[in-house]
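A.B. asks: show me the folded form of this:
(4 chains)
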There are 2 protein chains.
Amino acid sequence: MAKPTDTREKLLQVAFDLIWNQSYGSVSVDQICERAHVNKGSFYHFFESKSELAVEAYEENWREKQPELDRVFSAQNPPLERLLGWCQYVRDRQRKKAEKYGHVCGCPYASLGTELATQDEKIRGKSQEIMDRTIRYIESALRDAAREGLISLEDAGGGARRIYTAVLGQLLYAKVHNDLGVLSELEPMIMNTIGVRALAA
Amino acid sequence: MAKPTDTREKLLQVAFDLIWNQSYGSVSVDQICERAHVNKGSFYHFFESKSELAVEAYEENWREKQPELDRVFSAQNPPLERLLGWCQYVRDRQRKKAEKYGHVCGCPYASLGTELATQDEKIRGKSQEIMDRTIRYIESALRDAAREGLISLEDAGGGARRIYTAVLGQLLYAKVHNDLGVLSELEPMIMNTIGVRALAA
DNA sequence: AACCGAGTTGACTAATCGGTCAACGAATGT
DNA sequence: ACATTCGTTGACCGATTAGTCAACTCGGTT
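C.D. replies: Numbering: from 1, shown residues only, chains lettered A, B, ... in the order given. Alright, predicted model coming up:
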């Protein structure tokens, strides 16, 4: 076998970062290669196209982030605290990115998804997939909350989708306004959505 | 004076349509010119850059659509019906677009805004501006609803923003999933957000 | 030592990108 | 009749785009 290499991983990492900060359309393969200190030939040794790279970069990012979501949404935590912890997690991630790059970057999956949903079916599908995975965490938390009598709930799937889309919307708003302030409304918005009045733990 | 011309308007119209259906990055100036039956020189006679064209195209589209919003949000309509009418309006617009182009296109302002928020300050600003204008309609409806005792309300601006971002999120979800179905949740989501139980008029 | 194959290199292509320009057309004001 | 002004034309520019390729390196196997 040949020597093990981090070239592929570096490309995935750099690509995800650049696309999140800028956009798919404005990031070139040359730029990705340069930033990753990789030659173009190597790029096309590992990926057959820019589009495929994007799909794999986002899947890889999910793999990296999943343990954090598993922790936030752990069944060991009370269900409503899972949701609050998620808000915190989302806000932290946005704050770090914004500090590092000077502007609010929004949800990476949503950004790539909206940019290419009508043009690249594979990217659209991957974006959809990752969104649906996240919704499953929320759904599970809602079901547990209902079982504990904390909320009344008819449709866990629908409720989870409503919460998730509302968060997406606030992230979108924050990005376009380049202002993280609105994200302080994450928790009250969620609690209001599922009909919980008291916020204190 | 020279003969009056619709070249500029045609470019604005075509550009808005193409960017909405595809994305800013994937639409070229050549493509816009070709579709508008206009030469490149004429394009740069009216606009100094692709970016400026986009800003003006979106402003022009707002000017065209504003009367419809004025009608939907007319003070002649009961406040809650304004919101319901707006949901209908949004859904209709999405449905028409989706039928015409074969995929859900989402909110044009949000799509352009997220794609370029971190890269083109003028486009980001225009996107923000148009969003804030729309929120003002909602805010006014909420205030009127509160005055009529239909809802209880502390912060009309915050409530309107919450409603608007939630709608944005559902449009984003619909686009990425290429499915208009979720938009049937527009009304219940809004009514739940502002604490109205009964939906019937 | 000969070989193999995964990974690297960077020059190369054809197409396309956003943008420029000088020449031209046509209607108006004088 | 003439100049002025707005708009048109399409060839042209240098830069950049995604993607290709044949030659190469180098550790592991036989």
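
A.B. asks: hmm, stretch A:38-57 in reach of chain B?
C.D. replies: No. Between stretch A:38-57 and chain B, judged by C-beta under 8 Å from any C-beta of the partner chain, nothing touches; the nearest distance is 11.7 Å. The way it works is simple: take the backbone N, C-alpha and C, and place the C-beta from them, glycine included.

A.B. asks: can you list contacts of that stretch?
C.D. replies: By C-beta atoms under 8 Å, 6 or more residues apart in numbering or on different chains, the residues outside stretch A:38-57 that reach it are A:7-8, A:10-13, A:15-16, A:19, A:24, A:29-30, A:32-33, A:112, A:120, A:122-123, A:126.

A.B. asks: and what of stretch A:130-138?
C.D. replies: Applying C-beta under 8 Å, 6+ apart, the contact partners of stretch A:130-138 are A:58-59, A:62, A:69, A:72-73, A:82-83, A:86, A:109-110, A:113, A:157, A:159-161, A:163-164, A:168, B:173, B:176-177.

A.B. asks: which positions in it come out as buried?
C.D. replies: Buried residues in stretch A:130-138, counted by 16 or more other C-beta atoms under 10 Å in any protein chain shown: A:Ile130, A:Met131, A:Asp132, A:Thr134, A:Ile135, A:Tyr137, A:Ile138.

A.B. asks: now swap in stretch A:114-129 and tell me
C.D. replies: Buried-residue list, stretch A:114-129, by 16+ other C-beta under 10 Å: A:114-120, A:123-128.

A.B. asks: so which bits of the helix or strand hosting A:Met189 are buried?
C.D. replies: According to DSSP states H and E, A:Met189 maps onto helix A:186-193. Going by neighbour count (16+ other C-beta under 10 Å), the buried part of helix A:186-193 is A:Leu186, A:Glu187, A:Met189, A:Ile190, A:Met191, A:Asn192, A:Thr193.

A.B. asks: and that helix, what does it pack onto?
C.D. replies: Packing partners of helix A:186-193 (3 or more C-beta pairs under 8 Å, 6 or more residues apart in numbering or on different chains; DSSP states H and E): helix A:79-101, helix A:156-177, helix B:186-193.

A.B. asks: could I get those as a markdown table with distance to A:Phe47?
C.D. replies: Output for the helices and strands packed on helix A:186-193, formatted as a markdown table (distance: least, C-beta to C-beta, whole Å):
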| stretch | distance to A:Phe47 |
| --- | --- |
| helix A:79-101 | 25 |
| helix A:156-177 | 27 |
| helix B:186-193 | 39 |
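
A.B. asks: buried deepest among these, which one?
C.D. replies: Highest mean neighbour count of these: helix A:156-177, a mean of 24 (counted as mean count of other C-beta atoms under 10 Å in any protein chain shown).

A.B. asks: can that one be found next to chain B?
C.D. replies: Yes. Helix A:156-177 reaches chain B (C-beta under 8 Å from any C-beta) through A:158, A:161-162, A:164-170, A:172-173, A:175-177.

A.B. asks: name the residues of chain A found near DNA strand D, please.
C.D. replies: Residues of chain A lying near DNA strand D by C-beta under 7 Å from any atom of the strand: A:1-3, A:27-31, A:40-41, A:43-44, A:48-51.
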